[in-house]
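# Build me a structure from this.
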Amino acid sequence: MKKISLLFFSLFFITNTFVAQETKEKKGTQKGHTDENKFRQMKDLLATPNDQHTASGAPGHQYSQQKVDYVMNIRLEESTNKIYGEEKITYHNNSKDHLEYLWVQLDQNMRADDSKTPLAQSNAASAFLTPEDFKKNFMKESKGFGFNIEKVLNAEGKPLSYLINWTMMRINLPKKLAPGEKFNFSIQWNYKINNSVKDGGRSGFEDFPDGNNNYTIAQFFPRLCVYNNVEGWQNMQFWGRSEFALEFGDYDVKITVPADHILEATGDLQNEKDVLTKEQRSRFEQARKSFKDPVMIVTQAEAEISEKSHVTTSKTWHFKANMVRDFAFASSRKYIWDAMAVSINGKTVMATSLYPKEGNPLWEKHSTRVVANTLEEYSKLTFDYPYSKSVSVHADRQGMEYPMICFNYGRPNPDGTYSDRVRDGMIGVITHEVGHNFFPMIVNSDERQWTWMDEGLNSFVEILAELDYDPNFNTGNLPKDIVRYMGGDQSNISPIMSQGDYVKQFGPNAYTKPAAGLYMLRQTIMGPELFDYAFRTYAQRWMFKHPTPEDFFRTMEDASAMDLDWFWRGWFYTTDVTDIGIKEVKPFYLTDKPSERVQKLKIQYKDYFDSLGELVFITDIKEDANPKAMTKYVDGKEVPSFIYSVEFDKPGGLVMPIIVELTYADGTKEKQTFPAQIWMKDDNSVKRVFSSSQEIISITVDPDLETADVDTSNNSWPKKETDKFDQFKNKIKE
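I've put the predicted structure just below:
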């Protein structure tokens with residue numbers, strides 16, 4: 001076979017030399033061009049490395065970040081659905097900068113009567129509206145939402161100067177805060193809680209026909225913005241979608257609620273004896289030793305008795321949490337409560353769930369088990385879960401995450417029945433929201449700027465966790481699931497690397513496309529071993545820190561020795577698509593008869609051909625085939641007498657590996673994968689030669705839909721007839 005390869009190379013070199021000379025003679029001197037190769041390095045796109053964010057993707061020796069500690073007293077007033085709070089804040093300036101002011105987030109102001117969010121939305125007239133929509137759109141009914149800031153005081157109790165700009169509040173410091181110094185101040189506030197079902201929102205309450213409420217409370221207190229050397233102050237306004245950039249700190253929080261409520265929150269409960277019955281504490285001790293099945297702390301029968309009472313007394317729950325970036329809680333007298341232990345590399349972590357009877361039997365069967373599975377699977381691919389617990393709370397129409405606690409939808413029918421879709425939706429959202437403990441609650445990226453860094457990375461790991469929980473689970477985040485979006489109208493698609501507020505088709509852009517891309521990177525491009533090590537390196541480098549996209553891209557390459565700039569550039573910075581097809585297949589055969597063209601070349605390049613010695617030849621004329629032409633050169637080994645020259649073209653803009661499945665005459669199949677670098681020197685078409693001792697009856701590109709190819713009609717040889725569904729898809733594209 002060495003002789004055949006040499007002959008192919010020789011003919012290729014000779015032919016192309018003549019073509020190049022003829023082209024130059026015809027065109028004359030040609031103009032130059034800038035480098036547009038898909039494999040060029042990303043120096044033009046990535047931020048310059050520095051001593052805080054290094055060229056390797058790791059935190060530098062000068063890396064620093066701020067710390068913010070909170071001591072809070074919170075009171076939930078059920079009769080008016082209001083929250084009253086007082087927080088004492090200690091701001092630690094760990095940067096090397098002198099700060100003139102501090103910026104505080106006031107997320108509840110997004111819902112205020114004077115909110116700019118509704119004004120930034122295109123709103124056309126409709127022929128019919130619900131009465132609620134009519135009042136909302138045309139009567140401008142006052143809801144009374146938003147923060148009421150009562151006091152802002154310094155450590156001595158004297159008023160501090162401040163200015164509120166919609167969802168941001170600037171605290172004007174009496175003097176610049178020097179590096180290494182800390183500043184103590186307090187804020188007293190209250191606000192009306194929104195109905196999360198009727199008014200919408202990431203937190204709020206759901207009212208039930210029995211007169212009870214389910215409170216899932218978050219973004220409920222003024223919170224400090226992030227200050228770093230990448231953005232300065234991250235004080236972009238909250239428009240309702242792009243989430244939160246927050247600093248880590250220690251929390252000491254007391255929450256007063258009606259005495260018959262069950263409450264869970266971020267952090268460790270400090271006063272179990274004050275708020276739990278002796279029986280509940282005993283059951284929780286059992287749960288701490290139960291690693292297989294959840295233990296009921298509050299049964300459904302007990303919850304049904306409790307929901308009939310409405311006591312006027314109150315009790316205070318006390319929680320502490322260290323190194324968390326936020327705080328949230330849930331409270332209701334309707335809660336069923338179960339818990340089980342999870343072993344994370346020998347450390348016991350509690351997985352728990354709170355849900356009203358309306359969530360059963362679905363929640364009792366799955367919720368806590370899904371929490372446990374998520375903690376186990378995410379820990380394998382990142383780092384050991386560092387907190388003491390993770391809580392899943394049932395909330396209709398919500399899916400939202402906070403440190404150690406999340407709010408999740410998934411409600412059965414009133415008779416307790418539920419479809420597979422409802423079950424899978426609940427399993428999916430719990431996995432996703434619990435997974436957010438890792439991204440961004442610990443690997444603390446800037447959600448306001450780069451949504452994909454928490455949603456996309458989390459959705460990727462979610463795939464692996466869901467498939468571990470149920471191998472047949474339809475994750476909806478695989479490469480094949482993003483094809484319809486990527487092959488759609490380009491005017492309605494944004495690159496992944498877009499700030500979240502102006503992204504079109506937010507779900508596919510921020511969740512599915514990055515998740516599908518990383519799954520492809522793991523399964524098809526890098527392989528699990530290389531990918532997992534690099535991904536784990538990124539997670540461990542940046543846990544409890546603020547990474548940027550560059551830190552992720554650079555770490556993945558640094559820890560794997562793979563140049564992935566072509567992948568990041570195409571998949572994350574453009575809206576190009578994958579479309580790789582088979583342009584032409586030419587069968588060739590072994591022969592001892594040189595073609596007319598070869599005979600002419602032998603005469604023209606006699607000295608060269610004489611230097612090669614004995615030769616065998618390739619022909620496209622089947623009648624001239626001689627399978628025995630190589631026999632005397634291969635020592636009795638089987639000769640691949642069938643040879644196929646295959647030209648692959650690439651109508652799509654993305655470069656991807658070419659995955660080829662060969663089907664032989666005896667029905668056996670063979671898969672070969674050529675790395676994306678096969679396109680390095682020609683972005684339009686490439687050729688490969690396949691040889692076999694038996695006839696190849698079909699060739700298929702990407703048979704298992706691994707590369708998100710948007711058009712599979714050109715993926716087969718012989719070309720398959722287009723079925724009615726493909727015709728329908730093509731018609732839609734037109």
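# so where's the stretch 51-200 of the chain shaky on pLDDT?
Where the stretch 51-200 of the chain drops to pLDDT under 70, the residues are 136.
# go with 90
113-143, 200 (pLDDT under 90).
# Identify each of the strands in it and give its residue range.
Assigned by DSSP state E, counting those that start in this stretch, the strands in the stretch 51-200 of the chain fall at 67-77, 82-92, 99-105, 148-154, 161-165, 168-177, 182-192.
# Please spell out which residue in the chain sits farthest from the middle.
Relative to the centre of the chain, the most outlying C-alpha is that of residue 603, 62.3 Å out, by Cα atoms, centre = their mean.
# Can I get the strands of the stretch 51-200 of the chain in a markdown table including distance to residue 516 and mean neighbour count?
Glycine gets a C-beta too; all of them are placed from N, C-alpha and C. Converted to a markdown table, the strands of the stretch 51-200 of the chain look like this (distance: least, Cβ to Cβ, whole Å; neighbours: other Cβ atoms under 10 Å):
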| stretch | distance to residue 516 | mean neighbour count |
| --- | --- | --- |
| strand 67-77 | 36 | 19 |
| strand 82-92 | 40 | 19 |
| strand 99-105 | 32 | 20 |
| strand 148-154 | 44 | 15 |
| strand 161-165 | 38 | 13 |
| strand 168-177 | 35 | 16 |
| strand 182-192 | 39 | 18 |
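# re earlier: helix, strand, or coil at the residue farthest from the centre of the chain?
helix (DSSP: H, G, I helix; E, B strand; the rest coil).
# Any chance of the backbone angles for residue 315?
Phi and psi for residue 315, reported as degrees, to the nearest 10, are phi -150, psi 160.
# For the stretch 251-400 of the chain, which segments count as helices?
Along the stretch 251-400 of the chain, counting by DSSP state H, counting those that start in this stretch, helices occupy 272-275, 278-287, 300-306, 362-381.
# Just tell me which of those ends up closest to residue 323.
Across the helices of the stretch 251-400 of the chain, residue 323 has its closest neighbour in helix 362-381 (17.0 Å, Cβ to Cβ).
# got the CA coordinates for the closest one in CSV?
Extracted in CSV, the C-alpha atoms of helix 362-381 (Å, rounded to 0.1, in the frame of the first residue of the first chain):
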residue,chain,number,x,y,z
LEU,A,362,-45.2,13.1,42.5
TRP,A,363,-43.1,15.1,44.9
GLU,A,364,-42.9,12.5,47.6
LYS,A,365,-41.8,9.9,45.0
HIS,A,366,-39.1,11.9,43.2
SER,A,367,-38.1,15.3,44.6
THR,A,368,-35.6,14.4,47.4
ARG,A,369,-34.2,11.5,45.4
VAL,A,370,-33.6,13.9,42.5
VAL,A,371,-31.8,16.3,44.8
ALA,A,372,-29.6,13.6,46.1
ASN,A,373,-28.7,12.3,42.6
THR,A,374,-27.9,15.8,41.4
LEU,A,375,-25.5,16.5,44.3
GLU,A,376,-23.7,13.2,43.6
GLU,A,377,-23.4,13.6,39.9
TYR,A,378,-22.4,17.3,39.8
SER,A,379,-19.8,16.6,42.5
LYS,A,380,-18.2,14.0,40.3
LEU,A,381,-17.7,16.4,37.4
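# Does anything pack onto it? Which helices or strands?
When contacts are defined as 3 or more Cβ pairs under 8 Å, 6 or more residues apart in numbering; DSSP states H and E, helix 362-381 sits against strand 336-344, strand 347-355, strand 389-394, helix 420-435, helix 452-469, helix 528-542.
# ok, now with 6 Å
Applying 3 or more Cβ pairs under 6 Å, 6 or more residues apart in numbering; DSSP states H and E, one finds that helix 362-381 makes contact with strand 336-344, strand 347-355, strand 389-394, helix 420-435, helix 452-469.
# Not counting its own residues, what contacts that helix?
294, 338, 340, 342, 344, 351, 353, 355, 385, 390, 392, 394, 412, 418, 427, 430-431, 434-435, 438, 461, 464-465, 468-469 (Cβ atoms under 6 Å, 6 or more residues apart in numbering).
# Likewise for stretch 405-420?
216, 266, 328, 361-362, 391-393, 395-400, 425-426, 429-430, 433-434.
# now the residues you listed: which count as buried?
Among the contacts of stretch 405-420, those classed as buried by 16 or more other Cβ atoms under 10 Å are 216, 266, 328, 362, 391-393, 395-396, 398-400, 425-426, 429-430, 433-434.
# Taking the centroid of the protein, which residue is nearest it?
residue 456 (1.1 Å).
# quick one: contacts for the nearest residue to it once chain neighbours are set aside?
Excluding its sequence neighbours, the residue lying closest to residue 456 (Cβ to Cβ, 6 or more residues apart in numbering) is residue 514, at 2.7 Å. Residues near residue 514 by Cβ under 6 Å, 6+ apart: 452, 456, 496.
# Let me know the helix or strand that residue 514 is in.
Secondary structure from DSSP states H and E places residue 514 in helix 513-520.
# what separates the closest residue to residue 477 other than its chain neighbours from residue 401, distance-wise?
Leaving aside its sequence neighbours, residue 477 sits nearest to residue 515 (Cβ to Cβ, 6+ apart; 4.1 Å). From residue 515 across to residue 401, the span is 16 Å (Cβ to Cβ, to the nearest Å).
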